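Visitor: Just need the structure, nothing else, for what follows:
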Amino acid sequence: MAISANHNKRTFHLRDASVGGHGLQDAFRDADWAKFREAIYETREQSQDK
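Guide: This is a model prediction of the structure:
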């Protein structure tokens, strides 16, 4: 029963959600996730201080 139920399902296709541009800024081109995280939270802390 379970096999026949899965047989009729259509294959999922993820749409292309890429955006235009030229990639990452030079400062982040070879960065690891720690650098991204640091930049994100630094910006959040600055906005909360205001």
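
Visitor: List the buried residues in the helix or strand in which residue 43 is found.
Guide: Assigned by DSSP states H and E, residue 43 belongs to helix 33-49. For helix 33-49, the neighbour count (16 or more other C-beta atoms under 10 Å) marks no residue as buried. (Glycine included, C-beta is placed from N, CA and C.)

Visitor: what's that helix in contact with?
Guide: Contacts of helix 33-49 from elsewhere in the structure, counted by C-beta atoms under 8 Å, 6 or more residues apart in numbering, are residue 28.

Visitor: Give me the distance from it to the chain's centre.
Guide: Distance of helix 33-49 from the chain centroid (C-alpha atoms, centre = their mean, to the nearest Å) equals 17 Å.

Visitor: Quick check: mean pLDDT of it?
Guide: Averaging pLDDT along helix 33-49 yields 84.

Visitor: What is the neighbour count of residue 9?
Guide: One way to gauge burial is a neighbour count; for residue 9, by other C-beta atoms under 10 Å, it gives 7.

Visitor: ok, it to residue 28 distance?
Guide: 39 Å (C-beta to C-beta, to the nearest Å).

Visitor: got it, and residue 15?
Guide: Look at residue 15 and residue 28: by C-beta to C-beta, they are 26 Å apart.

Visitor: Name the residue in the two with the higher neighbour count.
Guide: Applying other C-beta under 10 Å to residue 15 and residue 28 shows that residue 28 carries more neighbours, namely 12 against 5.

Visitor: dump the residue contacts of that one.
Guide: So residue 28 contacts 35, 36, 39 (C-beta under 8 Å, 6+ apart).

Visitor: can you count the residues close to residue 31?
Guide: Using other C-beta under 10 Å, residue 31 has 14 other residues around it.
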